[in-house]
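**Q** next one to model:
(chains A and B)
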Amino acid sequence: MAVMITEAPAPAGRPVRDRHHRGVSRWVVLALVTVGALVMLVPFAFMLLNAFKSPGDYSSGGPLSWPTEFYTKGLRTYWTEVNFPLKLWNSTLIAGSVAVLGVAVSLLNAYALGIGRVRGRLWIVGLFLLANMLPQEALIYPLYYVAKEIGLYNTQLSVIIIFTVIQSAFGTYLLASVMGTFPRSLLEAAALDGAGKWTVLWRVVFPNLRPTLAVLLIFFFIWTWNEFLIPLVMLIDNQTQTIPVALASLQGDRLMDAPTTNAGSLISLVPAILFFLIFQRTLARGITAGAEK
Amino acid sequence: MAVSETVAAPHPTATPTPRKPRRGPRGRDAAYWLYLLPGAVLFILVIGAPLVGTGYLSLTKWSGIGDPTFVGLDNYQQLLHDDVFWASFRNTVAMIVAMVVVPTLLGLLLAAVLFDVIGRRFKPRTAAALRAAFYLPQVLPVVVAGIVWGWILRPDGAFNSLLDAVGLGALRHDWLGDPGTALPAVMAVMIWVQIGYPVVVFMAALQRVDPELYEAAEVDGANWLHRFRAITLPQIRPETFVVALTCTIAALKVFGPIFALTRGGPENATNVPSYFAYYTFFKKLQVGYGSAISTVLTVIIVVVAVLFIWMQARSERRDRGF
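**A** Numbers count the residues shown, from 1 in each chain, chains lettered A, B, ... in the order given. Below is the predicted model of the structure:
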């Protein structure tokens, strides 16, 4: 996470005197925070240590022993038994579609609310914000029932539609407030040039909001990727399940001895950690951009 | 936000306003409603109608097959006398402590220390690396984190082995299996999951604070704690509100970690409303009763959210001196 930390230049003439250079206290603080950070990482260390350990090794040496061999059969068992590539594809398809569609719906909604300033927009934005906070249990049974009735049950499409709406409720709220501060002069200039609303949206508003939309796209992707309850209810077989649902539904299964549990968890974490590494700069920028608003 | 140069500039030489945009009263334009149409239709189908449906079902008895039987407020009356229901809401208070109170307080302290002490007195890279370590659990699917922790806390799991290794073997315990320790264990996991979020948000917020405020305070001889209370806390209050609100909502809704760690057990020691509702819907097939639980949870969440937003608006008004 690269974040610029701007230090104010010390004003001339004032002695640079500070509290932390005086003693060892800053080292104590550093040591304490480092210990805290290491404690945060301990579960990952446990997982790595046991993901490549053979069951025999595990039962004789326990969870803390160093593996005597680099054992990958647990990993391979999990990979083939759950058909991990298919789960990866399902998760990617669902999260990717939701990210793109969710941003598109948010953009259209927010254009009407933030720039069009339609009547009652504050109430509408408030409604979207509240909708984003609703517990999914309050929606799940009717959604499950209707999905069964119309043949969308156990399809990725059902989950894509539901999360497009849930995520865009948040996106609408965020983008409407961002668009509320959009420079009116740009819009008026475009209107003077004879541009219609559709043209203004795609030629003026969209290019200016691209950084915010990128952050939103990544958020929607990661949030949808990590979702659990609705995929758990809607996706019931091996062909449609996502990575978290596949791992959770094997919990307690005979197949899942300790090394396989750890190996399965490990490969289920890898995509999430990869997104984090790839997108961290965009996200750090996005968080600060949001805070500066 | 930087304005890109792709924007069409007004032509000074163009014919004066060839087309006046049609505008309604106060600059509003009815045609914008068209842009809201797809979103509104989807919203009604996926959120509005199911919400009303759940509200209606909460007044019925139904197993999911055949027609629901209308029973009025029977389900709600039953809820009032249901020990599991009350236990689940007591556990929600524990979830608020673990997911809101502790992470927000600890997060404020950590963010201030990382930003102010480690970021300034050591290399900014050190602060960024430490922050990443605290934030890492936030990027994982929470169910996966729950499964790893479930294994760590098992009787033969890594935590007990660790206790053995440091000579505390006497403390070995079935952490998630004993009703006495299950809830504290789940709370500890939730603190681990949650802490990174306030740290990252507060560190971003601190960059917004004018460094001159600190310099002035330093000249006046204020120590670190004084400055933290007099400058840092008031300056990042908007972010504190956002963190407290979003974490409270998340704590009220928590489902995945409970599902992966304990399924609400043992003896409902870690049951929470959302898991209780899920279990009632899909395991006990009591759709009406499950809908009543969900409806109560929804009302509580809406009330909490509105209260928070109202308090935030009031504190902003006070700041502006009204």
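
**Q** output the lowest mean pLDDT helix or strand found in chain B.
**A** For chain B, using mean pLDDT, DSSP states H and E, the weakest element among its helices and strands is helix B:119-121, scoring a mean of 78.

**Q** measure how far that one is from the centre of its chain, please.
**A** Relative to its chain's centre, helix B:119-121 lies at 30 Å (CA atoms, centre = their mean, to the nearest Å).

**Q** and it, anywhere near chain A?
**A** Yes - if you take CB under 8 Å from any CB of the partner chain as the test, helix B:119-121 does meet chain A, through B:119-121. Backbone N, C-alpha and C define where each C-beta goes, glycine included.

**Q** show me what contacts the residue in the stretch 51-200 of chain A that chain B sits nearest to?
**A** At 2.6 Å from chain B, A:Gly116 is the closest residue in the stretch 51-200 of chain A, using CB to the nearest CB. A:Gly116 makes contact with A:197, B:28-29, B:31-33, B:35 under the criterion CB atoms under 8 Å, 6 or more residues apart in numbering or on different chains.

**Q** buried among the residues you listed? Make that a ChimeraX selection.
**A** To isolate the buried subset of the contacts of A:Gly116 in ChimeraX, counting by 16 or more other CB atoms under 10 Å in any protein chain shown, use the following:
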select /A:197 /B:29,31,32,35
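
**Q** kindly export stretch B:81-89 (C-alpha atoms) in CSV.
**A** Provided in CSV are the C-alpha atoms of stretch B:81-89 (Å, rounded to 0.1, in the frame of the first residue of the first chain):
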residue,chain,number,x,y,z
HIS,B,81,-41.1,-16.0,24.6
ASP,B,82,-38.4,-17.7,22.6
ASP,B,83,-35.2,-18.0,24.6
VAL,B,84,-33.1,-18.6,21.5
PHE,B,85,-34.3,-15.4,20.0
TRP,B,86,-33.3,-13.4,23.1
ALA,B,87,-30.0,-15.3,23.3
SER,B,88,-29.3,-14.4,19.7
PHE,B,89,-29.8,-10.7,20.4
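
**Q** for the residue in chain B positioned nearest to chain A, helix, strand, or coil?
**A** At 2.6 Å from chain A, B:Tyr32 is the closest residue in chain B, using CB to the nearest CB. Following DSSP: H, G, I helix; E, B strand; the rest coil, B:Tyr32 is assigned to helix.

**Q** that older thread, please pick the buried ones from the residues of helix B:119-121 next to chain A.
**A** Buried among the residues of helix B:119-121 next to chain A by 16+ other CB under 10 Å: B:119-121.

**Q** save those as TSV, and put in distance to A:Gln239 too.
**A** Formatted as TSV, those follow (distance: CB to CB, whole Å):
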residue	distance to A:Gln239
B:Gly119	49
B:Arg120	54
B:Arg121	55
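
**Q** between the residues you listed, which is nearest A:Gly126?
**A** B:Gly119 (37.1 Å; CB to CB).

**Q** one step back: so how far is whichever helix or strand comes after the least confident helix or strand of chain B from its chain's centroid?
**A** Note on helix B:119-121: by DSSP states H and E, the next helix or strand toward the C-terminus is helix B:124-139. Averaging C-alpha positions (CA atoms, centre = their mean) puts helix B:124-139 20 Å from its chain's average.

**Q** what sits against A:Phe276?
**A** The contact partners of A:Phe276, taken as CB under 8 Å, 6+ apart, are B:136, B:139.
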